[in-house]
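Peer 1: Just need the structure, nothing else, for what follows:
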Amino acid sequence: MRAEDDAALQALLLPFVDGVLTWPENGGVLFLRARDGWPLHQRELPGLVCEQSFKPEAEALKHSGLTLVDASEDSRHALVLVLPPRQRDEARALFARALTRCAPGGRVVACLSNNEGSKAGEADLARIAGPVGNLSKHKCRVFWTAPLDGPADPGLAAQWLQADAPRAIAEGRFLSRPGLFAWDRIDPASRLLVEQLPATLAGRAADLGAGYGYIASELLARCPGITAVDLYEAEGRALELARSNLAPLASRAQLGFHWHDVTRGLEGQQYDVIVSNPPFHAQGRADRPDIGRAFISAAAQAMRPGGQLWLVANRHLPYEEMLAVHFGDVRTVAQRDGFKVIAAVATPRAAAVAPAGAIDRRRNKGKARNRDWK
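Peer 2: Below is the predicted model of the structure:
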């Protein structure tokens, strides 16, 4: 999300800009699920520290000079700002955690856009914190507690704090948690991908956008020739679970876990196999095929000649042109339930960065290839 479009961030600070609330001079300010943007830089915000588990947002905050803190810290603050996520269990847990991080006499201030459950979010905060004030602007609602001395409903707050706890899914095979992609099930697109993986895949592998580790675990189970897997995931909350879920496989292959934004590339890495179910949304609802294209580019630059990319995507997403630019051989292997699995082989020619206009010259050639895959 571009800073100029972040209406929720702008509305979050509105009570302080308008003088309805006073920014604390002492006691510090913690911003949970912080996002960077011009509203954070239009005036001095003394004592502000930020927490963010999503790598692109964390990097943006860091690059703009804001201080990042780890989620494991338990210090208390005179003010806790919150930009809650859409998933309600996750949002409720975040409200409850905000209360635990609020010093006696401090406030919690939160904001949601109207089309992402602002009234429900306000009601949830009021249930555990007591009466709240509010303002509406920029198609958002910002709401805040009175000065607090603990939750108004400690039992409910404790219950909600556990709403985001890791839990077993898929008949106990994996740990997951609310708010992650397909958090409570095996994603059908990922399942389709792993069903197509040939047992002959071998060597060093990477899983781009690994989530809680389902595809990587299936790759190791189905392909005995895989000797190492690096998991790349931008959401730190998911990567923690991937570590747990793949721990039983640590003796099977060398494992690496990387909190990383794949769209920035995989500099210095070389792989024989790359698997991926690229995200096609960022923090908003709109389709973002540019993310998948960036994943393809990163995979191409990190692939050894002859290496194989196995990718799954929604059928309507236009990845074939980018694949034709970067890979010598491209084939749609399977289609089901609105998804497609595409396999591609890297060649020395495809490993080079494609010149401008190469998509137009190669796309028909790439689509025409239809080799046997082993």
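
Peer 1: When you work out contacts or count neighbours from here on, use the C-alpha atoms and nothing else.
Peer 2: Fine.

Peer 1: now the residue nearest the centre of the chain, nearest residue through space, not along the chain?
Peer 2: Among the residues of the chain, the one closest to the centroid is Glu235, at 4.0 Å (CA atoms, centre = their mean). Once flanking residues are discounted, Glu235 sits nearest to Phe54: 4.5 Å by CA to CA, 6 or more residues apart in numbering.

Peer 1: Is it correct that the one you found is in contact with Glu233?
Peer 2: No. Assessed by CA atoms under 8 Å, Phe54 is found out of contact with Glu233, at 9.0 Å.

Peer 1: ok so, going back, against Gly268, how distant is the residue nearest to the centre of the chain?
Peer 2: According to CA to CA, to the nearest Å, Glu235 and Gly268 sit 22 Å apart.

Peer 1: got it, and Lys340?
Peer 2: Noted for Lys340: a distance of 30 Å to Gly268, by CA to CA.

Peer 1: Those two: who's more crowded?
Peer 2: More neighbours surround Lys340 than the other of Lys340 and Gly268, with 21 against 7 (other CA atoms under 10 Å).

Peer 1: per-residue confidence averaged over whichever helix or strand the more buried one is part of?
Peer 2: For Lys340, the host element (DSSP states H and E) is strand 339-345. In this model, strand 339-345 has an average pLDDT of 97.

Peer 1: Pairing partners for that strand, with directions?
Peer 2: If you go by DSSP bridges, strand 339-345 pairs up with strand 303-314 (antiparallel), strand 329-336 (antiparallel).

Peer 1: okay, those strands, which one's buried deepest?
Peer 2: Of all these, strand 303-314 carries the top mean neighbour count, a mean of 23, counting by mean count of other CA atoms under 10 Å.

Peer 1: In a strand, Glu57, correct?
Peer 2: No. Using DSSP: H, G, I helix; E, B strand; the rest coil, the assignment for Glu57 is helix, not a strand.

Peer 1: Can you report how many residues lie near it?
Peer 2: 21.

Peer 1: Disregarding flanking residues, what is the spatial nearest neighbour of it?
Peer 2: Leaving aside its sequence neighbours, Glu57 sits nearest to Arg35 (CA to CA, 6+ apart; 5.9 Å).

Peer 1: I'd like to know how far the one you found sits from Leu12.
Peer 2: Counting by CA to CA - Arg35 and Leu12 are separated by 11 Å.

Peer 1: Neighbour count: the two, which is higher?
Peer 2: Just comparing Arg35 and Leu12: by other CA under 10 Å the higher neighbour count belongs to Leu12, 26 against 23.

Peer 1: Please look at that one and Trp144 and confirm they touch.
Peer 2: No. Contact criterion CA under 8 Å: Leu12 and Trp144 do not qualify, at 9.7 Å.

Peer 1: intersection of neighbour lists for the two?
Peer 2: Residues within reach of Leu12 and of Trp144 at once, by CA atoms under 8 Å, 6 or more residues apart in numbering, are Val109, Ala110.

Peer 1: hang on, the earlier thing: what's near enough to touch the residue nearest to Glu57?
Peer 2: Neighbouring residues of Arg35 by CA under 8 Å, 6+ apart: Leu9, Gln52, Glu57, Ala58, Ala60, Leu61.

Peer 1: which one of the residues you listed is nearest Leu112?
Peer 2: The closest of those to Leu112 turns out to be Leu9 (CA to CA; 8.9 Å).

Peer 1: Name the nearest residue to that closest one, sequence neighbours excluded.
Peer 2: Of all residues not flanking Leu9 in the chain, Pro39 sits nearest, at 6.9 Å (CA to CA, 6+ apart).

Peer 1: isn't there a helix covering that neighbour?
Peer 2: Yes. Checked against three-state DSSP, Pro39 lies within a helix.

Peer 1: Just to check, it is in contact with Leu13?
Peer 2: Yes. The criterion here is CA under 8 Å, and Pro39 meets it with Leu13 at 7.2 Å.

Peer 1: can you map out the strands along the stretch 101-250 of the chain?
Peer 2: Along the stretch 101-250 of the chain, counting by DSSP state E, counting those that start in this stretch, strands occupy 102-113, 132-137, 140-145, 167-169, 174-176, 202-208, 225-233.

Peer 1: mind showing which ranges of this protein have poor pLDDT?
Peer 2: Low-confidence segments of the chain, defined by pLDDT under 70: 1-4, 281-287, 349-374.

Peer 1: Would you state the helices of this structure in chain order?
Peer 2: Along the chain, counting by DSSP state H, helices occupy 7-12, 14-17, 55-63, 88-100, 118-129, 154-161, 188-196, 214-222, 236-246, 289-301, 320-326, 348-351, 358-368.

Peer 1: Having no further points to raise, I will conclude here.
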